[in-house]
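> need the 3D shape of this:
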Amino acid sequence: MNEMRAIVLRLHGGEAEITPVGGNGCGHCASGKGCGSGKLSQLFCSSKPRSFKVSNAISAKVGDEVNVGLPDGVLLRNSMLMYVLPLAFMLGASLLASGVYEEAHDAAALLGAAMGLVVGFFVVRQITRRSGMQAVVRSVVKAAGS
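Down below sits the predicted model:
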């Protein structure tokens, strides 16, 4: 199980909105002796704090520092879905549109590809929401106010 620490920002019924604790990378970036992946993520990723909704099975409270776990295989499965499925929809829709509209072959392929990609991302979103395989608050590390 992949785990990380986070702070609970808000509660939404049986879910908690969390933000990760700590920076990117292994912590050696500040010393200058690390691999530099933290610098790379600073370059390409937003510096704005990110938040995620996770299942709050242990009823953590706002302000608690918690351990959040992601079951094994979920990250790989969802990554494959996120990359492969939209591309398959894009390719399929592009081929279908270019075959149906032969007089405007290139324009139809381009429009079909764009529509297929959007539909593919929508399908992935629906699949991941319904799968029930999401991150879960596993334990409270430090209660709010303590």
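> now the residue of the chain most remote from its centre: how far from residue 114?
Distance from the C-alpha centroid of the chain peaks at residue 103, with 40.3 Å (Cα atoms, centre = their mean). Separation of residue 103 from residue 114 (Cβ to Cβ, to the nearest Å): 19 Å. Every residue, glycine included, has its C-beta placed from N, CA and C.
> picking up where we left off before, could you look up the SS state of the residue farthest from the centre of the chain?
Classification of residue 103 using DSSP: H, G, I helix; E, B strand; the rest coil returns helix.
> can you count the residues close to the closest residue to residue 107 other than its chain neighbours?
Spatial nearest neighbour of residue 107, excluding adjacent residues (Cβ to Cβ, 6 or more residues apart in numbering): residue 101 at 7.7 Å. The number of residues packed near residue 101 is 15, by other Cβ atoms under 10 Å.
> backbone dihedrals for residue 101, please?
phi -110, psi 80 (degrees, to the nearest 10).
> how far away is it from residue 131?
Residue 101 is 36 Å from residue 131, by Cβ to Cβ.
> residue 104 now?
39 Å.
> what about the helices in the protein?
37-44, 74-100, 105-130 (DSSP state H).
> redo these as a markdown table? Include distance to residue 4.
Shown next, in a markdown table, are the helices of the chain (distance: least, Cβ to Cβ, whole Å):
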| stretch | distance to residue 4 |
| --- | --- |
| helix 37-44 | 15 |
| helix 74-100 | 12 |
| helix 105-130 | 19 |
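> looking at these, which is nearest to residue 64?
helix 74-100 (23.1 Å; Cβ to Cβ).
> remind me what that closest one packs against, helices and strands.
Helix 74-100 is packed against helix 105-130, with contacts defined by 3 or more Cβ pairs under 8 Å, 6 or more residues apart in numbering; DSSP states H and E.
> elements contacting the helix it packs on?
Using 3+ Cβ pairs under 8 Å, 6+ apart, helix 105-130 is in contact with helix 74-100.
> got the angle for the helix it packs on vs helix 105-130?
150 degrees (axes from the mean of the first three to the mean of the last three Cα atoms, to 10 degrees).
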